[in-house]
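Q: heads up, no residue letters with this:
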């Protein structure tokens, strides 16, 4: 029997940690929360959560010595999932309260959601659809989901990967189409919160668990 993977949620002082842990536990995953860089070397899969500003996220990772540990884990080939701010931090640069270097795991930038063609309040809060980009969803965290599904968003900034090859899902708000999910090899990022997104959100987490089990 394949060993049960060890999931690690990274605590860098800015995050939605406990509801995320409950979602993994609901799906019978073995999951811990840590702010210790050395712990990442023993994990089979890492989740980078986050609620807050890009600047605060970068600061939290740096102060705890976690930035380099996360980069090192990303090169291991083991699965990694970024959620909301955690997904944003995976990109190269962020422009919230100044310009800041991200983890540069996926080339790109994080920019403000503004000047919506059809109006719309900012921040973007509530349920919205994710639909397919040109990237197929088979064997990804969206495997088995319909071509258009609904999830929960809370954000004022958006992901802008440099390459369309790294766009996994798209969404539209206020007349603007934006990237709502990214992927590069073993690294996934969701602008939305799967742990707050009901059945489809749990399906995404379950797919991540299955991918991690197959690579453990």
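A: Ah, there it is. These numbers were taken from a predicted model, which means no experiment stands behind them. Numbering: from 1, shown residues only.
Q: for the rest of this, base every contact and every neighbour count on C-alpha atoms.
A: OK.
Q: which parts of the protein are strands?
A: 6-10, 30-34, 45-48, 80-83, 91-94, 100-101, 106-112, 124-132, 148-155, 157-161, 167-173, 176-184, 187-190 (DSSP state E).
Q: quick one: average pLDDT of the last one?
A: Mean per-residue pLDDT for strand 187-190: 98.
Q: other SSEs contacting it?
A: When contacts are defined as 3 or more Cα pairs under 8 Å, 6 or more residues apart in numbering; DSSP states H and E, strand 187-190 sits against strand 80-83, helix 85-89, strand 176-184.
Q: so which of these gets nearest residue 195?
A: strand 80-83 (9.3 Å; Cα to Cα).
Q: what bits of this structure have low per-residue confidence?
A: 1-3, 216 (pLDDT under 70).
Q: most centrally placed residue in this protein?
A: Nearest residue to the geometric centre of the chain (Cα atoms, centre = their mean): residue 82, 2.4 Å.
Q: surely that residue and residue 190 touch.
A: Yes: judged on Cα atoms under 8 Å, residue 82 makes contact with residue 190 at a distance of 6.2 Å.
Q: report the distance from the longest helix belonging to the chain to the chain centre.
A: Secondary structure of the chain per DSSP state H: the longest helix is helix 198-215. Centroid displacement of helix 198-215 relative to its chain, using Cα atoms, centre = their mean, to the nearest Å, is 13 Å.
Q: please apply the same query to stretch 65-72.
A: 16 Å.
Q: what about the closest residue to residue 197 other than its chain neighbours, how many residues nearby?
A: For residue 197, ignoring the flanking residues on the chain, the nearest one in space by Cα to Cα, 6 or more residues apart in numbering is residue 151 at 4.9 Å. Number of residues near residue 151 (other Cα atoms under 10 Å) recorded here: 20.
Q: kindly report the same for residue 141.
A: 23.
Q: for residue 212, which residues are in contact?
A: 5, 44-45, 78-79 (Cα atoms under 8 Å, 6 or more residues apart in numbering).
Q: can you check residue 111 too?
A: With Cα under 8 Å, 6+ apart, residue 111 has these contacts: 94-96, 157-160.
Q: what do you get if the cut-off is 7 Å, keeping everything else the same?
A: By Cα atoms under 7 Å, 6 or more residues apart in numbering, the contact list for residue 111 reads 94-95, 157-159.
Q: want to throw those into a markdown table with neighbour count?
A: Below are the contacts of residue 111 laid out as a markdown table (neighbours: other Cα atoms under 10 Å):
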| residue | neighbour count |
| --- | --- |
| 94 | 26 |
| 95 | 16 |
| 157 | 23 |
| 158 | 22 |
| 159 | 28 |
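Q: out of those, the closest to residue 50 would be?
A: For those, the minimum distance to residue 50 (Cα to Cα) is 13.1 Å, reached by residue 157.
Q: doesn't residue 110 make contact with the closest one?
A: Yes: contact status for residue 157 versus residue 110: in contact at 6.3 Å, counting by Cα atoms under 7 Å.
Q: how far away is residue 131 from residue 76?
A: 29 Å (Cα to Cα, to the nearest Å).
Q: good, we can wrap up now.
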